[in-house]
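Novice: the following block contains a protein sequence and its predicted model.
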Amino acid sequence: QVLLEESGGGLVQTGDSLSLSCAASGRTATSRAVRAYGWFRQATGKEREFVAQINLESGRTAVADSVKDRFTISRDNANNKVFLQMNSLKPEDTAVYYCAASSLFSSAKVQSAYDYWGRGTRVTVSS
């Protein structure tokens, strides 16, 4: 079992920056327990969508086109944490942001590839 807890959400204005953190605990201490982390978001009334993911072995990352050049995902393997740096925030970035971990895939953009999920942290960007 891998437990994930997000933090760092809040209310900001358009153009501001915000950094989200995800702390993993549980089986992460076991080698290969987690192969990739992802961030997803869900706006009110919309489907949950992919935001970013990172391969824990290679460090390779991928981000959605909608946040490209604004959001950056990174990880701290030693402390079992993953981060999402969000710059130049827009009102359309308003959503609940979820951290996810995959024990099976090292690179994935689909929700079904992730077997562990956090409860989410809300980000609200005012215009």
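Specialist: Yes, it's here.
Novice: when you work out contacts or count neighbours from here on, use the C-alpha atoms and nothing else.
Specialist: Fine.
Novice: looking at it, D93 is touching S126, isn't it?
Specialist: No - counting by C-alpha atoms under 8 Å, D93 stays clear of S126, with 9.8 Å between them.
Novice: give the contact list for the most centrally placed residue in the chain.
Specialist: The chain has W39 as the residue nearest its centroid, 2.3 Å off, counting by C-alpha atoms, centre = their mean. By C-alpha atoms under 8 Å, 6 or more residues apart in numbering, W39 lies in contact with F50, V51, A52, Q53, L84, Y97, Y98, C99, A100.
Novice: switch the cut-off to 7 Å
Specialist: Contacts for W39 (C-alpha atoms under 7 Å, 6 or more residues apart in numbering) come out as F50, V51, A52, Q53, Y97, Y98, C99, A100.
Novice: out of these, which are inside strands?
Specialist: Cross-referencing these against strands under DSSP state E gives F50, V51, A52, Q53, Y97, Y98, C99, A100.
Novice: spatially, which two of the contacts of W39 are the most separated?
Specialist: Using C-alpha to C-alpha, these span at most 12.9 Å, a distance reached by Q53 and Y97.
Novice: quick check: pLDDT value at R32.
Specialist: As predicted, R32 sits at a pLDDT of 60.
Novice: distance of A95 relative to N79?
Specialist: Distance, A95 to N79, by C-alpha to C-alpha, to the nearest Å: 26 Å.
Novice: who's more crowded, these two?
Specialist: Shown here are A95 and N79; by other C-alpha atoms under 10 Å, A95 has more neighbours (21 against 12).
Novice: pretty sure that one contacts V123?
Specialist: Yes - at 5.5 Å, A95 counts as touching V123 under the criterion of C-alpha atoms under 7 Å.
Novice: how close does K81 get to R27?
Specialist: 13 Å.
Novice: looking at these two, which one has more neighbours?
Specialist: Neighbours were counted for K81 and for R27 using other C-alpha under 10 Å; K81 has more, 18 against 13.
Novice: for burial, what's the neighbour tally of the closest residue to the more buried one other than its chain neighbours?
Specialist: Among residues not flanking K81 along the chain, A23 sits closest, at 4.7 Å (C-alpha to C-alpha, 6 or more residues apart in numbering). When neighbours are counted by other C-alpha under 10 Å, A23 registers 17.
Novice: sounds good, over and out.
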